[in-house]
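Participant: sequence and predicted model, in that order:
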Amino acid sequence: MIEISNLVKHFGPRIALSGVNLSVETGEFVTLVGPNGAGKTTLLRILATLTRPTSGTVRLAGLDPARSGDSVRRRIGFLSHRTLLYEDLTAEQNLRFYARMYDLDQASPRIQNLLEWVGLAGRRYDLVGKLSRGMQQRLAVARAVLHRPRVLLLDEPYTGLDPQAARALTDLLTEPSNMKGSEAAPSNMKGSEAAPPSTKGSIDEGRTILMTTHNLERGLQVGRRVVVLVHGHIVYDERRDAIDPAMFSETYRTLTA
Amino acid sequence: MNFLRTVWAIVGKDVAAELHTREMINAMLVFSVLVLLVFSFALDLRGAAARAAAPGVLWATVAFAGTLGLGRSLARERQTGCIDGLLLAPVERSAILLGKALGNLAFIAVVEGVLLPLLSALFGVPLLRPAMLLVTVLGTVGYAVVGTLLAAIAINTRAQEVMLPILLIPLAIPALIAAVRATGVLADGGALADVGGWIRLLVVYDLVIVAVSMLTFGFVVEE
């Protein structure tokens, strides 16, 4: 689904990525961990067509983002610690606006389902600026999957969330109905416990997920494969099943030292 | 997605957001009315002198009030990363620019709708005429479009509030001069035919600015 070859990105004299090679299969949930400034966000922004690479090639579902930007963007859902939501619009107005931007048919039932799915149906007429950070992030998840993207790019989506909101977000990301476009009503997220590690990792049925985080525990909890990026290089790439969580912190420290 | 539907979706979103808060339009209106009153009291002009000063006062006020609105409009997009949300959508970059510019144009037009009668009353000049409407629209279109483009550049700079007027005013000078001259002729009782040259200059300026802005917006907003 995602093929990255010799990807290089310079910001003036600063090198953000220097020759990244990465392949992500359809349905995989890959967590990309690394210290601040490792190039994680830059990599995701290039995949999301928000940043142009200096050199190298990127293919998403076989498409080149530089040449087929619109087709790639239709296949991408992007979620970051910034919600990309308008605080001066209501929750429903935000989703309706993005539905128009993605030219969605039958937007109303889709929006209704998503608001129920993220537990915000009762707050649909509230301005986003009046919602709590956790609620805003849940609404951001609804925005990210509104157009049923095949690929989800998650850039530090847990930043700023309290433990309860973080658990709710984990449930959303590992909720199988997510993959079906959230037509099915999910379990109540607010009171749910943390999802079991890796077993539901791919939130599957075809959706591919690449998530950046500097939280190792979280990365191991939700991902099926862990990639470590340091100074613009991939220095570690392993399946979650083959990783001993107790040892991984030490491994990570060594890699990032 | 249909180009025009994208444009109207963005205009509708900006208008809806503004209707919830009225932050931007209130700031622009209060600022422009205060500037007009200050000019009126400070200059205390009558007759020919008032007619000579009114066009400059009008367009200087529009330019500065417009800058306030343009800065706020793009700052709203940056606030929670919404500009990324727009750029992630499978729509043409130029449609995003036009949508934002039309929204800004609408807000500046509201300010002009208040300014024109107030200026006519305070300075005693006959500006409430159809020909003045044409000059106002043409003088504002290019300003709003290039202002939106430059505001998109300015939001990525450290001194964004200062940067926008520094970038915008020099580029808007041709339109401002033409608009001031045409307004001056109309304030003196001239007809539309008397300002044909200035109108043509405004039309050419608007066409060039809109074309260049649409072509360059994608490069401006992508990293």
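Facilitator: Yep, it's here.
Participant: surely residue B:109 meets residue B:143?
Facilitator: No. Using C-beta atoms under 8 Å, residue B:109 makes no contact with residue B:143, being 11.3 Å away. Heads up, the C-betas are built off the backbone N, CA and C, glycines and all.
Participant: what about residue A:39, distance to chain B?
Facilitator: Between residue A:39 and chain B the distance is 13 Å, computed by C-beta to the nearest C-beta, to the nearest Å.
Participant: burial count for that residue?
Facilitator: Counted with other C-beta atoms under 10 Å in any protein chain shown, residues neighbouring residue A:39 total 24.
Participant: and it, how close does it get to residue A:8?
Facilitator: Applying C-beta to C-beta, to the nearest Å, the value for residue A:39 to residue A:8 is 10 Å.
Participant: where do the helices sit along chain B?
Facilitator: In chain B, the helices defined using DSSP state H lie at B:3-21, B:23-43, B:47-79, B:82-88, B:93-123, B:130-154, B:160-187, B:196-221.
Participant: quick one: low-confidence ranges for chain A?
Facilitator: A:175-206 (pLDDT under 70).
Participant: point to the residue nearest the middle of it.
Facilitator: Nearest to the geometric centre of chain A sits residue A:154, at 1.8 Å (C-alpha atoms, centre = their mean).
Participant: quick one, phi psi at that one?
Facilitator: For residue A:154, the backbone dihedrals (degrees, to the nearest 10) come out as phi -120, psi 110.
Participant: residues contacting the closest residue to it other than its chain neighbours?
Facilitator: Counting by C-beta to C-beta, 6 or more residues apart in numbering or on different chains, residue A:154 lies nearest to residue A:211, which is 3.8 Å off, once chain neighbours are set aside. Taking C-beta atoms under 8 Å, 6 or more residues apart in numbering or on different chains as the contact definition, residue A:211 lies against A:29-32, A:152-155, A:157, A:173, A:219, A:222-223.
Participant: helix/strand/coil for residue A:211?
Facilitator: Recorded secondary structure, residue A:211: strand (DSSP: H, G, I helix; E, B strand; the rest coil).
Participant: right, and the helices of chain B - which one's nearest residue A:147?
Facilitator: Closest approach to residue A:147 among the helices of chain B (C-beta to C-beta): helix B:82-88, 9.9 Å.
Participant: contacts made by the closest one with the rest, please.
Facilitator: Under C-beta under 8 Å, 6+ apart, the answer for helix B:82-88 is A:48-50, A:73, A:76, A:78, A:80, A:82, A:84-86, A:98, A:101, A:143, B:10, B:74, B:76-77, B:93, B:96, B:152, B:155, B:221-222.
Participant: can you tell me the centre-most residue of chain B?
Facilitator: Judging by C-alpha atoms, centre = their mean, chain B has its centre closest to residue B:144, at 4.0 Å.
Participant: quick one on the thing from earlier: is the residue nearest to the centre of chain A in contact with residue A:210, as I believe?
Facilitator: Yes. The criterion here is C-beta under 8 Å, and residue A:154 meets it with residue A:210 at 7.1 Å.
Participant: can you list residues touching both of these two?
Facilitator: With contacts defined as C-beta under 8 Å, 6+ apart, the residues shared by residue A:154 and residue A:210 are residue A:44.
Participant: phi, psi for residue A:54 please.
Facilitator: Here is the backbone geometry of residue A:54 (degrees, to the nearest 10): phi -70, psi -40.
Participant: near chain A, anything from the helix-or-strand element of chain B with minimal mean pLDDT?
Facilitator: Least confident helix or strand of chain B, by mean pLDDT, DSSP states H and E, is helix B:47-79 with a mean of 89. Yes. Judged by C-beta under 8 Å from any C-beta of the partner chain, helix B:47-79 and chain A are in contact via B:76, B:79.
Participant: give me the helices and strands touching that helix, please.
Facilitator: helix B:23-43, helix B:82-88, helix B:93-123, helix B:130-154, helix B:160-187 (3 or more C-beta pairs under 8 Å, 6 or more residues apart in numbering or on different chains; DSSP states H and E).
Participant: buried stuff in that helix?
Facilitator: By neighbour count on 16 or more other C-beta atoms under 10 Å in any protein chain shown, the buried set for helix B:47-79 is B:50-51, B:53-55, B:57-63, B:65-79.
Participant: show me the contacts for the residue nearest to the centre of chain A.
Facilitator: If you count contacts by C-beta under 8 Å, 6+ apart, residue A:154 has them with A:44, A:79-80, A:173, A:209-212.
Participant: could you turn the buried ones of those residues into a PyMOL selection?
Facilitator: What follows is the PyMOL syntax selecting those of the contacts of residue A:154 that are buried according to 16+ other C-beta under 10 Å:
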select buried, chain A and resi 44+79+80+173+209+210+211+212
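Participant: looking at the contacts of residue A:154, which is nearest chain B?
Facilitator: Using C-beta to the nearest C-beta, residue A:80 comes nearest to chain B of the contacts of residue A:154, at 6.7 Å.
Participant: the closest one contacts residue A:213, doesn't it?
Facilitator: No. With contact defined as C-beta under 8 Å, residue A:80 and residue A:213 do not form a contacting pair (11.3 Å).
Participant: which neighbours do these two share?
Facilitator: Counting by C-beta under 8 Å, 6+ apart, the residues touching both residue A:80 and residue A:213 are residue A:156.
Participant: re the thing from before, can you tell me how far the residue nearest to the centre of chain B sits from residue A:7?
Facilitator: Going from residue B:144 to residue A:7 by C-beta to C-beta gives 38 Å.
Participant: and if you look at residue B:162?
Facilitator: On the measure of C-beta to C-beta, residue B:162 and residue A:7 end up 36 Å apart.
Participant: which one of the two is surrounded by more residues?
Facilitator: residue A:7 (24 against 12).
Participant: give me the phi and psi for the more buried one.
Facilitator: phi -80, psi 130.
Participant: for the one 5 residues further on, same thing?
Facilitator: Dihedral angles of residue A:12 (phi, psi; degrees, to the nearest 10) stand at phi 60, psi -130.
Participant: how near is it to chain B?
Facilitator: The spacing between residue A:12 and chain B, counted by C-beta to the nearest C-beta, is 11 Å.
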